[in-house]
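Q: Generate coordinates for the sequence data below:
(2 chains)
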Protein chains: 2
Amino acid sequence: MMKPLNRLNFSGGPGVLPESVLLQARESIIEVPEIGLSVLGISHRSDWFAAVVTELENNIRTLLGLSGDYHVLFLQGGATQQFSMIPMTLLRGKTHPADYLHTGYWSGKSLPEAQRQGPVRVLWSGQADGFRCLPRDEELPFSPDAPYLHYVSNETVEGLQFHRVPGRDDVPRVCDMSSDFLSKPCAAERFSLIYAHAQKNIGPAGVTVVLIRDEMLKDAPTDLPGFLDFRSHTQAHSNFNTPPVFAIYVVLLVTRWLINEIGGLARMDEINQNKAQLIYRLLDGSDGFYRGRAEPRDRSVMNAAFNLATPELDKLFIAEALAAGFSGLAGHRAIGGIRASIYNGLTLAAVEELAGFMEEFQRRQAR
Amino acid sequence: MMKPLNRLNFSGGPGVLPESVLLQARESIIEVPEIGLSVLGISHRSDWFAAVVTELENNIRTLLGLSGDYHVLFLQGGATQQFSMIPMTLLRGKTHPADYLHTGYWSGKSLPEAQRQGPVRVLWSGQADGFRCLPRDEELPFSPDAPYLHYVSNETVEGLQFHRVPGRDDVPRVCDMSSDFLSKPCAAERFSLIYAHAQKNIGPAGVTVVLIRDEMLKDAPTDLPGFLDFRSHTQAHSNFNTPPVFAIYVVLLVTRWLINEIGGLARMDEINQNKAQLIYRLLDGSDGFYRGRAEPRDRSVMNAAFNLATPELDKLFIAEALAAGFSGLAGHRAIGGIRASIYNGLTLAAVEELAGFMEEFQRRQAR
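A: So this is what the prediction gives:
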């Protein structure tokens, strides 16, 4: 049984991983079962590592029902590197601007990086309203001429999540799924490029998954630095330069867990929905003691952001929760408040314990 | 006692790590001693991780006797990213070319990336001679006007290592020390920029150490993507975007081992020299049965590359060595042959065992 501190880790990221994955990762530090060597000292050119990459790629294709038209890459640099690498590839030299949605902290980070590379149109911004909701379709006059539409499927800081796929089917969709990738089915084939760092739902910090349709690369500039050229990585099968072997191995373990222990993404989604509803029902039934940050229809299944009546009460809640064993509940430094991140690796039982603590905290405050 | 497979792992990289480091890394997967959480699920904005980065930076400064004029950064992307990031920072828009030494496989990889960013002069190339030696000082007409001199201190593929610091003291030296960083004292203050990925002597794949003099950044372009701008990383203290937490933690464990168990870099160098001399003496005393690849004066203390009389005999040697428990001895795919990589983590006892095997193999072949 996982120690309480890991079991009750509501960190916004890097997030908690499933217990069975942690146990296998631990053993691999001394000895990977198949070959008897430490995972930290295995050549990235070994047959073993080639098999890891192939199995991981196949697992992701299986989980998402993805066709062969997509490359599945494992890169470094996080979503931040993709904020630049994608417009370098798809936007340089273009006359029509790409459409970007500005829905929170992370999509906001992507904007200046894109603007350095080419023309960008911010189609909608929630900044003036403090990022408490997502746009409705009728607010979004998507351009048919945009090289692509870019948006962030789940804003971890504000706790906002798209529960539909916005955009036109005749304009390539590019989506930062860093904080909900493999937490649910995602209609992957409606996207031309999906990217996600691992450290929320699928692994440790240090590796980024990119799914990209082959046709997106046909007009890419040919003068990019090798490591920023997707073609270097597609040709080398994610082994252009030494990849982060351990992080990739742990992501493989998580995909095995999703397939064999959870039973696929539809089931993972059910579990995640149950966890989120438990918290949101508690917020809504608290007579305003707990105040959800996001508009109910745009609430994130991954990150429940909320406040109490005052910042002082927020702090007291976080401190008492920590003393009771719940870690990682402080809101993002950009906005404060409280945030319960309930990624794949966090169990329903852990959320039930948190809900129990929240009810008890409210009762104590009401006295 | 470390299992034989790890103990006898002569991999060219990622290389074997010290046993005590592996044991601590293993425990951290479930629980970091100081905080009781898995290292894979700890926020990179936590006090714990800030302390890890600070201690690691201080350990590197202590080991190298480095002053405060240098930033010590922990980045992603390996040496390959630095092949581009450095000339983006120091070479764009310059009229005088940077001087590059082309001494083997890895310095050869750095050339086209630099040439994309600005003017480059290849001051010397060992390519025509198959990279069997390094240049003498009299062959190197260093320019006083070069923005910098770039070279690779240890060519892992060919087994060549500089045993002096080339270049002019009035021209910034930029050095790829990926395969000998922290294996010996390196006169760090004679360099303006040192970079090294971790996966040879100091940690797992996924993190790159950069030491850079502050003055080198004063004229850097201001339109670089954030993650390629060294100033983003210096200002954020290596926490510009989510860093590879686990890899950085393991590098910290290795620096603690260097300081507390080994006793510093001078002692590490002694041990590494003893390991290398054991192999090179055996090659030289084998009556031509084992043929060292590099000119003796330029032999690497980290990678001993050699051949037997025929490629078939090379293959037989590698196969029999593997059967006897020695892994990672195949030469780099670019040149074949045999390579024994004897990084910090590999013990003298392991090299003695290899030497014993080599003598026995030679006796059997002579029958």
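Q: What's opposite residue A:100 in the beta bridge?
A: On the basis of DSSP bridges, residue A:100 is bridged to residue A:122, residue A:150.
Q: what's the burial count for it?
A: Using other Cβ atoms under 10 Å in any protein chain shown, residue A:100 has 26 other residues around it. (Each C-beta comes from the backbone N, C-alpha and C, glycine too.)
Q: Which residues of the stretch 51-200 of chain A lie near chain B?
A: Applying Cβ under 8 Å from any Cβ of the partner chain, one finds that the stretch 51-200 of chain A approaches chain B through A:76-81, A:83-84, A:88, A:112-113, A:116, A:197, A:199.
Q: let's see it at 10 Å
A: Among all residues of the stretch 51-200 of chain A, those adjacent to chain B (criterion: Cβ under 10 Å from any Cβ of the partner chain) are A:75-85, A:87-88, A:109, A:112-113, A:116-117, A:178, A:197-200.
Q: Filter those down to the buried ones.
A: Neighbour counting over those (16 or more other Cβ atoms under 10 Å in any protein chain shown) leaves A:75-85, A:87-88, A:109, A:113, A:116-117, A:178, A:197-200 as the buried ones.
Q: pLDDT of stretch A:150-159, averaged?
A: Over the span of stretch A:150-159, the pLDDT mean works out to 98.
Q: residues of it that come out buried?
A: Neighbour counts over stretch A:150-159 (16+ other Cβ under 10 Å) mark A:150, A:151, A:152, A:153, A:154, A:155, A:156, A:157, A:158, A:159 as buried.
Q: same thing with stretch A:17-26?
A: Using 16+ other Cβ under 10 Å as the burial criterion, the residues of stretch A:17-26 that qualify are A:17, A:18, A:19, A:21, A:22, A:24, A:25, A:26.
Q: Let me see the domain layout of chain A.
A: The domain map for chain A lists A:20-261, A:264-366, with the assignment taken from automatic domain parsing.
Q: ok, residue A:297 touching residue A:133?
A: Yes. With contacts defined as Cβ atoms under 10 Å, residue A:297 counts as touching residue A:133 at a distance of 7.8 Å.
Q: ok, these two, which is more surrounded?
A: residue A:133 (17 against 9).
Q: Please determine how far the closest residue in space to the more buried one that isn't next to it in sequence is located from chain B.
A: Beyond its immediate neighbours in the sequence, the residue positioned closest to residue A:133 (Cβ to Cβ, 6 or more residues apart in numbering or on different chains) is residue A:295, lying 4.0 Å away. To chain B, residue A:295 is 27 Å away according to Cβ to the nearest Cβ, to the nearest Å.
Q: For residue A:295, give me its contacts.
A: The neighbours of residue A:295, taking Cβ atoms under 10 Å, 6 or more residues apart in numbering or on different chains as the test, are A:129, A:132, A:133, A:134, A:160.
Q: Narrow those residues to just the buried residues.
A: For these, a burial check counting by 16+ other Cβ under 10 Å picks out A:132, A:133, A:134, A:160.
Q: so who does the second one touch?
A: Going back to what we said before, that points to residue A:133. When contacts are counted by Cβ under 10 Å, 6+ apart, residue A:133 touches A:103, A:126, A:158, A:160, A:294, A:295, A:296, A:297, A:298, A:299.
Q: List the backbone torsions phi and psi for residue A:168.
A: Here the main-chain torsion angles of residue A:168 (degrees, to the nearest 10) amount to phi -90, psi 140.
Q: separation between it and residue A:141?
A: Taking Cβ to Cβ, to the nearest Å as the measure, residue A:168 and residue A:141 are separated by 10 Å.
Q: ok, now residue A:305?
A: Using Cβ to Cβ, one gets 29 Å for the distance from residue A:305 to residue A:141.
Q: So between the two, which is more surrounded?
A: Higher neighbour count among residue A:305 and residue A:141: residue A:305, with 28 against 9, using other Cβ under 10 Å.
Q: Report the secondary structure state of that one.
A: With DSSP: H, G, I helix; E, B strand; the rest coil as the basis, the three-state label of residue A:305 is strand.
Q: Wait, it touches residue A:334, no?
A: No. Judged on Cβ under 10 Å, residue A:305 makes no contact with residue A:334 at a distance of 11.1 Å.
Q: Now for these two: what residues contact both?
A: Taking Cβ under 10 Å, 6+ apart as the contact definition, residue A:305 and residue A:334 share the neighbouring residues A:131, A:157, A:158.
Q: Three-state assignment for the second one, please.
A: Spelled out, it's residue A:157. Classification of residue A:157 by three-state DSSP places it in coil.
Q: got it, and the first one?
A: Secondary structure of residue A:131, reduced to three states by three-state DSSP: coil.
Q: That one - how many residues pack around it?
A: Neighbour count for residue A:131, taken as other Cβ under 10 Å: 26.
Q: Quick check: end-to-end length of stretch A:91-99?
A: Counting by Cα to Cα, to the nearest Å, you get 11 Å between the two ends of stretch A:91-99.
Q: And stretch A:218-237, by the same measure?
A: Between the start and the finish of stretch A:218-237 there is a gap of 18 Å, counting by Cα to Cα.
Q: hang on, the earlier thing: among the contacts of residue A:133, which are located in strands?
A: Restricting the contacts of residue A:133 to those inside strands, with DSSP state E as the criterion, leaves residue A:160.
Q: can you list the contacts of residue A:133 in TSV and add distance to residue B:367?
A: Written out in TSV, the entries for the contacts of residue A:133 read as follows (distance: Cβ to Cβ, whole Å):
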residue	distance to residue B:367
A:103	75
A:126	80
A:158	75
A:160	75
A:294	79
A:295	83
A:296	83
A:297	82
A:298	79
A:299	77
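Q: wait, which of the contacts of residue A:133 is closest to residue B:240?
A: Distance to residue B:240 across the contacts of residue A:133 (Cβ to Cβ) is lowest for residue A:158, with 21.0 Å.
Q: so that closest one touches residue A:104, yeah?
A: Yes. Under the contact definition of Cβ under 10 Å, residue A:158 touches residue A:104, with a separation of 4.5 Å.
Q: so what sits against both of these two?
A: A:126, A:130, A:131, A:132, A:134, A:294, A:300, A:332, A:334, A:335.
Q: Would you confirm that the fourth one contacts residue A:291?
A: No. Residue A:132 is not in contact with residue A:291 according to Cβ under 10 Å; the separation is 11.1 Å.
Q: Quick check: neighbours shared by the two?
A: Taking Cβ under 10 Å, 6+ apart as the contact rule, residue A:132 and residue A:291 both touch residue A:305.
Q: hmm, back to that, what is the nearest of the contacts of residue A:295 to residue B:33?
A: Nearest to residue B:33 among those is residue A:160, at 37.1 Å by Cβ to Cβ.
Q: Please name the bridge partners of the closest one.
A: Counting by DSSP bridges, residue A:160 is bridged to residue A:155, residue A:299.
Q: wouldn't it be in contact with residue A:134 here?
A: Yes. Assessed by Cβ under 10 Å, residue A:160 is found in contact with residue A:134 at 5.5 Å.
Q: Just give the number of residues close to residue A:263.
A: 12.
Q: about what we covered before: considering the contacts of residue A:133, which is situated nearest to chain B?
A: Top of the list for closeness to chain B, among those and by Cβ to the nearest Cβ, is residue A:158 at 16.8 Å.
Q: could you measure that closest one against residue B:70, distance?
A: 38 Å.
Q: need the helices for the stretch 1-150 of chain A, in chain order.
A: With DSSP state H, counting those that start in this stretch applied, the stretch 1-150 of chain A shows helices at A:4-7, A:19-30, A:47-64, A:78-90, A:105-115, listed in chain order.
Q: Including mean pLDDT and distance to residue B:97, could these go into a markdown table?
A: Below are the helices of the stretch 1-150 of chain A laid out as a markdown table (pLDDT from 0 to 100; distance: least, Cβ to Cβ, whole Å):
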| stretch | mean pLDDT | distance to residue B:97 |
| --- | --- | --- |
| helix A:4-7 | 80 | 54 |
| helix A:19-30 | 96 | 45 |
| helix A:47-64 | 98 | 38 |
| helix A:78-90 | 98 | 25 |
| helix A:105-115 | 98 | 30 |
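Q: how about CSV for the ones you listed, with distance to residue A:361 added?
A: Shown next, in CSV, are those (distance: least, Cβ to Cβ, whole Å):
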stretch, distance to residue A:361
helix A:4-7, 18
helix A:19-30, 27
helix A:47-64, 37
helix A:78-90, 34
helix A:105-115, 27
